[in-house]
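K.L.:
the sequence and its predicted three-dimensional model are supplied below.
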Amino acid sequence: MTADVILDRIASVCAGTPFEFHQAVTPFSFDLQPSGQVDRVFRLEYGDGPILGGFNFAEERNDRVTIWVARKYNGDAPAAYKALVTDATSLRASIIRDGIVDSGEYFVPDDGNAQQIVRQPNAEFAVLRLQLPVNYEVTI
């Protein structure tokens with residue numbers, strides 16, 4: 001398993017049922033996303049974490065994936081906020097299930113999860129930032 005495969009698996013969870021989010025045009029921000037297409041858009045960021053051990057040209061990693069989801073206010077900011085709260089718990093549960101049951105290639109440890117919902121200044125949308133530790137084995 002490699003980091004790009006993990007990102008592809010998580011992207012497929014975000015784009016699949018029941019979420020059906022669309023991937024942002026850039027992985028770095030929502031700034032280049034057309035205004036009319038910023039609702040229910042996600043992007044992923046990957047960060048190296050500690051190597052937990054390994055032998056025989058393999059290592060166990062505990063990296064961090066950050067999922068960003070944008071929701072337009074559409075005239076109802078409290079509803080957008082509630083939707084992002086639901087997105088956070090539902091995405092986490094779906095990614096845990098994908099890692100353990102569907103792929104069997106990675107898992108999300110119980111510790112180290114972080115979420116934050118942020119209002120974008122001068123924007124018509126809010127953003128969920130969901131950070132998950134992802135534990136997997138990689139051949140080096």
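P.N.:
Good, I have the coordinates. Numbers count the residues shown, from 1 in each chain.
K.L.:
partner strands of the helix or strand hosting Leu132, with direction?
P.N.:
Leu132 is part of strand 125-139, with elements assigned from DSSP states H and E. Partners of strand 125-139 in the sheet, by DSSP bridges, are strand 58-72 (antiparallel), strand 106-107 (antiparallel), strand 114-119 (antiparallel).
K.L.:
of all those strands, which lies closest to Thr17?
P.N.:
Of all those, it is strand 58-72 that lies closest to Thr17, at 15.8 Å by Cβ to Cβ. (Each C-beta comes from the backbone N, C-alpha and C, glycine too.)
K.L.:
now do the residue of the chain positioned farthest from its centre against Asp76, distance only.
P.N.:
In the chain, counting by Cα atoms, centre = their mean, Asn56 sits farthest out from the average C-alpha position, at 31.0 Å. According to Cβ to Cβ, to the nearest Å, Asn56 stands 55 Å off from Asp76.
K.L.:
mind listing what Ala3 touches?
P.N.:
Tyr46, Asp63, Val138 (Cβ atoms under 8 Å, 6 or more residues apart in numbering).
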